[in-house]
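1. Provided below for reference: sequence and predicted model.
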Amino acid sequence: MDPSVKALCNGQHLRDTLELVIEPRTVWKPAQSLTEPAAQAFAWLMNECLTHGSADGADGIYDAEIVVSTGSLLKSTVPETRAFGQKLKQMLRLKASNIAIEDSDYIPGGRHDNDHAEFRQIAIYPTHDEVRSGEKPFYRQAAEIQQLPIEKRIAGHLDNQFRLLREDMLLDIREELQAVNKKNKKHRKVTMLRKMSLEEVFSGTEKQMTPCGLVVSCLHGLEALITRDREGRKAFLNSNRGYLRHQSFGCLLRVGEVVSFATVDRQMDYLLEGVPIIVLRVVGDGATRKTLSYFELSTTSQPAAQ
């Protein structure tokens, strides 16, 4: 929606138009046959109806709850539709809490699947939808924190600091991904590993157990090892500790989608194999499950490790 349309007559023009669109109520009869573009438009329409309200607002909330309960919007293959689904969930929470909404486009939560009103529910590392989201993130200016009641200022400050620090981290991650996609030519070169296959799970040795890692073979991107024999590799790795540095951070990609984030567990014995093998410790249980499912779906992936 063009912001200039919302601005017409202080938003009244849009509200009047929506009233004409949603009446008669038969427009809401579920047929479960919307195309993706239609589903996206429908999700936007429901968000606007909940935001601005109507004479029949209670029914709008009831219908929105039905739509959210099906989970169809959040399962969409279109990121924009999923974003509207998250926003719809957040709007329903706010409606249920009777919190006054001054600006529905600038409230904590609802921008994507990792945006929540309670900052403790936000995962440290971003999801694919968060990385590609172009919506302005929520955070407060110092003056806004000072306007909070005294008993809420510390909590407000902690919330704000967490969000601001994450935005700094997200900026770095987005710049790295742009470098991978060659959209940021000025940024430093990143190491690209391709044609990767899952071999097994590594949990350390009998003498020293470690957190589980995914043992992955790599056919492209480790030419410095592939072109050397076993003794040559060993000498190279011992003299170049920065090559595949232990605990270096990277991102697993598949057809441009962020699958998960991982750190490198630099295991010398694996790197000396005929086809170089690396150990990746994926961050988060959910991300690990997603990574395993993607390796199962395809024998190749496009990881980018720095």
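-> Received it, and whenever you're ready, just let me know what you need.
2. can you pull out the strands in the protein?
-> Assigned by DSSP state E, the chain shows strands spanning 191-192, 194-204, 209-220, 249-254, 257-265, 277-282, 302-305.
3. Let me have those in TSV, adding distance to residue 137, mean neighbour count and mean pLDDT as columns.
-> In this view, the C-beta of every residue, glycine as well, is placed from N, C-alpha and C. Shown next, in TSV, are these (distance: least, Cβ to Cβ, whole Å; neighbours: other Cβ atoms under 10 Å; pLDDT from 0 to 100):
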stretch	distance to residue 137	mean neighbour count	mean pLDDT
strand 191-192	29	16	84
strand 194-204	32	15	89
strand 209-220	31	17	90
strand 249-254	20	21	90
strand 257-265	17	21	92
strand 277-282	25	22	93
strand 302-305	24	21	47
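4. buried sites along the lengthiest helix in the chain?
-> The residue-count maximum for a helix in the chain (DSSP state H) belongs to helix 150-180. Using 16 or more other Cβ atoms under 10 Å as the burial criterion, the residues of helix 150-180 that qualify are 156, 159, 160, 163, 166, 170, 173, 176, 177, 179, 180.
5. Distance of the third one relative to residue 138?
-> Spelled out, that is residue 160. According to Cβ to Cβ, to the nearest Å, residue 160 and residue 138 sit 9 Å apart.
6. And for the fourth one?
-> Distance of residue 163 to residue 138, given as Cβ to Cβ: 7 Å.
7. got any ranges where the stretch 1-150 of the chain has weak pLDDT?
-> Within the stretch 1-150 of the chain, the ranges that satisfy pLDDT under 70 run 1-8, 10-11, 20, 22-32, 52-59, 97-106.
8. what about the helices in it?
-> 3-7, 12-22, 36-52, 57-70, 79-97, 128-132, 142-146, 150-180 (DSSP state H, counting those that start in this stretch).
9. got those helices as CSV, with distance to residue 266 columns?
-> Listed next are the helices of the stretch 1-150 of the chain as CSV, based on distance: least, Cβ to Cβ, whole Å:
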stretch, distance to residue 266
helix 3-7, 50
helix 12-22, 57
helix 36-52, 43
helix 57-70, 45
helix 79-97, 35
helix 128-132, 26
helix 142-146, 43
helix 150-180, 20
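10. Residue 211: which of these is closest?
-> Nearest to residue 211 among these is helix 150-180 (21.7 Å), distances taken as Cβ to Cβ.
11. Hey, what's the angle from the closest one to strand 257-265? Just curious.
-> Relative orientation of helix 150-180 versus strand 257-265 (axes from the mean of the first three to the mean of the last three Cα atoms, to 10 degrees): 90 degrees.
12. Quick one: distance of helix 150-180 to the chain centre.
-> On the basis of Cα atoms, centre = their mean, to the nearest Å, helix 150-180 sits 14 Å off its chain's mean C-alpha point.
13. I'd say residue 95 and residue 61 touch.
-> Yes. Using Cβ atoms under 8 Å, residue 95 is in contact with residue 61, at 5.8 Å.
14. what residues are shared contacts of these two?
-> residue 50 (Cβ atoms under 8 Å, 6 or more residues apart in numbering).
15. what's the closest of the helices of the stretch 1-150 of the chain to residue 285?
-> Closest of the helices of the stretch 1-150 of the chain to residue 285 is helix 128-132, at 16.9 Å (criterion: Cβ to Cβ).
16. mind checking how far that closest one is from the chain centre?
-> On Cα atoms, centre = their mean, the centre of helix 128-132 falls 4 Å from the chain's centre.
17. Ok, stretch 41-54 next?
-> Computed by Cα atoms, centre = their mean, the chain-centroid distance of stretch 41-54 equals 24 Å.
18. Please apply the same query to stretch 132-142.
-> The answer for stretch 132-142 is 14 Å, by Cα atoms, centre = their mean.
19. Name the residues of that stretch that are buried.
-> Within stretch 132-142, the residues that qualify as buried by neighbour count (16+ other Cβ under 10 Å) are 132, 133, 138, 140.
20. Kindly reformat the residues you listed as a markdown table containing distance to residue 252.
-> Compiled in a markdown table, the buried residues of stretch 132-142 are given as follows (distance: Cβ to Cβ, whole Å):
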| residue | distance to residue 252 |
| --- | --- |
| 132 | 16 |
| 133 | 19 |
| 138 | 28 |
| 140 | 34 |
